[in-house]
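In: How does the following fold in three dimensions:
(one chain, ligands or ions: 1)
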Amino acid sequence: MQIYKWTEALRTNIDKIDNDHKLIINKAQELTEAMQQGKGKQQIVETLTFLQKYVKTHFAEEEVMQQKSNFKDFDTHKKNHTYFISELDKLSDKIKMDPTSTVNVIELNRLISGWFMNHIQKMDVEVAKHINATDNKN
Ligand SMILES: [Fe+2]
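Out: As a prediction, the model looks like this:
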(Lines give C-alpha, C1' and ligand atoms only; values in the text may rest on other atoms or scores of the structure.)
Protein backbone atom coordinates (compact mmCIF):
# COMPACT_ATOMS: atom_id res chain seq x y z
CA MET A 1 0.00 0.00 0.00
CA GLN A 2 1.30 3.41 -0.91
CA ILE A 3 1.51 5.49 2.25
CA TYR A 4 3.92 8.18 1.17
CA LYS A 5 3.29 10.08 -1.99
CA TRP A 6 4.80 13.28 -3.36
CA THR A 7 2.09 15.72 -4.42
CA GLU A 8 2.00 19.13 -6.09
CA ALA A 9 1.49 20.76 -2.69
CA LEU A 10 5.10 19.81 -1.96
CA ARG A 11 6.56 21.45 -5.08
CA THR A 12 9.24 24.06 -4.37
CA ASN A 13 10.07 24.77 -8.02
CA ILE A 14 13.74 24.09 -7.33
CA ASP A 15 14.39 20.92 -9.32
CA LYS A 16 17.23 19.56 -7.19
CA ILE A 17 15.20 19.98 -4.00
CA ASP A 18 12.01 18.54 -5.49
CA ASN A 19 13.87 15.53 -6.86
CA ASP A 20 15.52 14.91 -3.49
CA HIS A 21 12.17 15.15 -1.69
CA LYS A 22 10.62 12.66 -4.12
CA LEU A 23 13.51 10.25 -3.60
CA ILE A 24 13.36 10.52 0.21
CA ILE A 25 9.59 9.94 0.18
CA ASN A 26 10.04 6.91 -2.11
CA LYS A 27 12.75 5.49 0.15
CA ALA A 28 10.53 5.92 3.23
CA GLN A 29 7.82 4.02 1.35
CA GLU A 30 10.28 1.27 0.44
CA LEU A 31 11.50 1.04 4.04
CA THR A 32 7.96 0.82 5.41
CA GLU A 33 7.06 -1.95 2.98
CA ALA A 34 10.22 -3.87 3.82
CA MET A 35 9.46 -3.63 7.55
CA GLN A 36 5.80 -4.54 7.14
CA GLN A 37 6.62 -7.50 4.94
CA GLY A 38 9.20 -8.73 7.40
CA LYS A 39 11.96 -8.58 4.79
CA GLY A 40 15.41 -9.61 5.89
CA LYS A 41 17.19 -7.41 8.39
CA GLN A 42 20.00 -6.74 5.91
CA GLN A 43 17.64 -5.23 3.34
CA ILE A 44 15.81 -3.16 5.94
CA VAL A 45 19.03 -1.79 7.40
CA GLU A 46 20.40 -1.03 3.91
CA THR A 47 17.31 1.00 2.97
CA LEU A 48 17.35 2.73 6.34
CA THR A 49 21.03 3.62 6.04
CA PHE A 50 20.47 5.03 2.56
CA LEU A 51 17.55 7.14 3.79
CA GLN A 52 19.53 8.45 6.76
CA LYS A 53 22.55 9.41 4.65
CA TYR A 54 20.44 10.96 1.93
CA VAL A 55 18.44 13.11 4.35
CA LYS A 56 21.66 14.46 5.88
CA THR A 57 23.21 15.35 2.53
CA HIS A 58 19.94 16.86 1.34
CA PHE A 59 19.56 19.08 4.42
CA ALA A 60 23.19 20.22 4.13
CA GLU A 61 22.60 21.21 0.49
CA GLU A 62 19.40 23.06 1.37
CA GLU A 63 21.24 24.93 4.12
CA VAL A 64 23.99 26.05 1.72
CA MET A 65 21.34 27.40 -0.66
CA GLN A 66 19.67 29.25 2.19
CA GLN A 67 22.90 30.80 3.38
CA LYS A 68 23.89 31.87 -0.13
CA SER A 69 20.59 33.66 -0.54
CA ASN A 70 20.79 35.23 2.98
CA PHE A 71 17.57 33.60 4.12
CA LYS A 72 16.49 35.42 7.28
CA ASP A 73 15.03 32.39 9.07
CA PHE A 74 18.05 30.22 8.43
CA ASP A 75 18.70 29.46 12.12
CA THR A 76 15.13 28.30 12.78
CA HIS A 77 15.16 26.19 9.64
CA LYS A 78 18.48 24.61 10.54
CA LYS A 79 17.19 23.79 14.04
CA ASN A 80 14.27 21.98 12.42
CA HIS A 81 16.65 19.96 10.28
CA THR A 82 18.80 19.11 13.32
CA TYR A 83 15.72 17.94 15.23
CA PHE A 84 14.64 15.64 12.39
CA ILE A 85 18.11 14.15 12.00
CA SER A 86 18.33 13.34 15.70
CA GLU A 87 14.86 11.74 15.66
CA LEU A 88 15.76 9.71 12.58
CA ASP A 89 19.03 8.60 14.18
CA LYS A 90 17.17 7.50 17.32
CA LEU A 91 14.61 5.60 15.27
CA SER A 92 17.34 4.04 13.18
CA ASP A 93 18.90 2.52 16.31
CA LYS A 94 15.51 1.09 17.29
CA ILE A 95 14.88 -0.33 13.81
CA LYS A 96 18.30 -1.99 13.82
CA MET A 97 17.39 -3.67 17.12
CA ASP A 98 13.94 -4.72 15.91
CA PRO A 99 13.58 -4.37 12.11
CA THR A 100 9.97 -5.52 11.79
CA SER A 101 8.42 -3.87 14.85
CA THR A 102 5.02 -2.26 14.21
CA VAL A 103 5.83 0.45 16.74
CA ASN A 104 8.84 1.43 14.63
CA VAL A 105 6.70 1.49 11.46
CA ILE A 106 4.32 3.89 13.23
CA GLU A 107 7.19 6.04 14.43
CA LEU A 108 8.59 6.20 10.90
CA ASN A 109 5.16 7.31 9.75
CA ARG A 110 5.12 10.06 12.37
CA LEU A 111 8.50 11.29 11.19
CA ILE A 112 7.90 11.15 7.45
CA SER A 113 4.18 11.95 7.05
CA GLY A 114 3.85 13.98 10.20
CA TRP A 115 7.10 15.87 10.20
CA PHE A 116 9.04 15.69 6.94
CA MET A 117 6.16 16.22 4.52
CA ASN A 118 4.76 18.95 6.72
CA HIS A 119 8.18 20.61 6.84
CA ILE A 120 8.38 20.59 3.03
CA GLN A 121 4.91 22.03 2.61
CA LYS A 122 5.31 24.77 5.21
CA MET A 123 9.00 25.65 5.47
CA ASP A 124 10.70 24.49 2.27
CA VAL A 125 8.04 25.94 -0.02
CA GLU A 126 8.50 29.29 1.78
CA VAL A 127 12.27 29.24 1.62
CA ALA A 128 12.17 28.24 -2.03
CA LYS A 129 10.12 31.32 -2.85
CA HIS A 130 12.88 33.40 -1.30
CA ILE A 131 15.67 31.49 -3.08
CA ASN A 132 13.88 31.69 -6.43
CA ALA A 133 13.25 35.43 -6.00
CA THR A 134 16.92 36.01 -5.06
CA ASP A 135 18.16 33.97 -8.03
CA ASN A 136 16.00 35.97 -10.37
CA LYS A 137 17.54 39.21 -9.12
CA ASN A 138 21.10 38.05 -9.90
FE1 LIG B 1 14.13 22.10 4.90
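In: Show me which positions of the longest helix belonging to the chain end up buried.
Out: Longest helix of the chain, by residue count under DSSP state H: helix 41-68. For helix 41-68, burial by neighbour count (16 or more other C-beta atoms under 10 Å) applies to 44, 45, 47, 48, 51, 52, 55, 58, 59, 62, 65, 66. No exception for glycine: its C-beta is placed from N, CA and C like everyone else's.
In: Mind giving me the packing neighbours of it?
Out: helix 15-36, helix 74-97, helix 125-137 (3 or more C-beta pairs under 8 Å, 6 or more residues apart in numbering; DSSP states H and E).
In: if you compare those helices, which one is most tucked away?
Out: Compared across these, helix 15-36 shows the largest average neighbour count, a mean of 18 (mean count of other C-beta atoms under 10 Å).
In: sorry, back to before: just checking: which of the buried residues of helix 41-68 also lie near the ion?
Out: Counting by C-beta under 5 Å from the ion, residue 62 from these sit close to the ion.
In: in this protein, what secondary structure element scores lowest on mean pLDDT?
Out: The helix or strand of the chain with the poorest confidence is helix 125-137; it has a mean of 87 (mean pLDDT, DSSP states H and E).
In: who does that one touch, helix- and strand-wise?
Out: helix 41-68.
In: Cool, thanks, talk later.
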